[in-house]
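*Asks:* Model the structure of this input:
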Amino acid sequence: MATTAAASPSSAEPPPFAREMRRRRSLRRMSQLELANLAGTTQRHLSFIESGRSMPGRAMVVRLAESLGLTLRERNSLLLSAGYAPVYAESARDATSIGPAMEALRSILTGHLPYPAVVAGPRGELVLANAAFGVLTQGAAARLLEPPVNVLRLALHPEGMGPRVVNLAAWGRHITESLRARAAAHPDPGLDPLIEELTGYLPAPTPAAASSATPVSASTPGPAPTPAPAPDEHLGFAVPLRLRTPEGELRLLTTLTSFATAVDVTLAELHLEAFLPADEATAELLRRREEARTATGPRR
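*Replies:* Numbering: from 1, shown residues only. Here you go, the predicted model:
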């Protein structure tokens, strides 16, 4: 582990890396001792790093970034602030280096039929979708389906899925609060305006929903608690997407999958969202749609 003492006087402003380390640690509400233990160093050494009195070697920067739970993009940024080259590649989505992983995602999407599934980027940009995706886009404005499609905007927009979502308030809060939690843990200036936009598409909370929220003081950091959905809006263990279609109402659960061990920024930022039927009626409706599609060709 290479460590060099900084020559600047103690009264000088800490260098960018030191300031960034302190900011990242404070954001996660970790003490120096906690972070030092996770990174395999001492509290004294970490204190010297955050004050700018010591500059860690690249391996230590990587260990600190991992211990802080930073994304690969954030780890590269931290390395740059310490004067080191990024460690993690960021490939184009059509690059041959990640071709096998992208092909694996396509296979998963196909295997998930007759149920819809999509692969999206960190801000909701659509990357891949299976043939059942059409059940979600029915009746959506053409402009929302022009590349680049944003699946988050499509889900809540009044010209997208919004009017067809029976439980729009509960489902929409599920989306916006998940984004707020991610933005709090991993600040991204591009997410803030999207969250504001999506929140504007949601109906105002009902008095009953508003009163069910846990009170929070103005000094409490982080997003306000999400009001509990009404009993008819959840299954006891999850909030389903209740979606109107010409064939009947769908009740869908969602699962999110990502490459947990990715060492490429592009792959690490992709997630696969798979929709699953919450009841047999939904499963049967989607099976019939897929049978009709394969018998007569693509169905919109």
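
*Asks:* Any idea which residue is closest to the centre of this protein?
*Replies:* Per C-alpha atoms, centre = their mean, the C-alpha nearest to the average position across the chain is that of Pro122, at 5.6 Å.

*Asks:* Look up phi and psi at it.
*Replies:* The phi and psi values for Pro122, taken as degrees, to the nearest 10, are phi -70, psi -20.

*Asks:* same check, this time on the one 4 residues further on
*Replies:* For Leu126, the backbone dihedrals are phi -70, psi 130 (criterion: degrees, to the nearest 10).

*Asks:* So it is in contact with Leu109, correct?
*Replies:* No - no contact is recorded between Leu126 and Leu109 when judged using C-beta atoms under 8 Å, the distance being 11.9 Å. No exception for glycine: its C-beta is placed from N, CA and C like everyone else's.

*Asks:* Which one of these two is surrounded by more residues?
*Replies:* Comparing Leu126 with Leu109 by neighbour count (other C-beta atoms under 10 Å), the higher total belongs to Leu109, at 21 against 18.

*Asks:* Disregarding flanking residues, what is the spatial nearest neighbour of that one?
*Replies:* Asn130 (3.9 Å; C-beta to C-beta, 6 or more residues apart in numbering).

*Asks:* list the contacts for the one you found?
*Replies:* Asn130 sits next to Leu109, Thr110, His112, Leu113, Pro116, Ala117, Val118 when contact means C-beta atoms under 8 Å, 6 or more residues apart in numbering.

*Asks:* Under a three-state scheme, what state does Val127 occupy?
*Replies:* Remark: Val127 carries the secondary structure label strand [criterion: DSSP: H, G, I helix; E, B strand; the rest coil].

*Asks:* I'd like to know how many residues surround Ala65.
*Replies:* Per other C-beta under 10 Å, the neighbour tally for Ala65 reads 23.

*Asks:* so it sits in a helix?
*Replies:* Yes - counting by three-state DSSP, Ala65 is found in a helix.

*Asks:* thought it was touching Leu72?
*Replies:* No - with contact defined as C-beta under 8 Å, Ala65 does not count as touching Leu72 (9.1 Å).

*Asks:* rewinding a little: pLDDT added to the contacts of Asn130, as TSV?
*Replies:* Formatted as TSV, the contacts of Asn130 follow (pLDDT from 0 to 100):
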residue	pLDDT
Leu109	97
Thr110	97
His112	98
Leu113	98
Pro116	98
Ala117	98
Val118	97
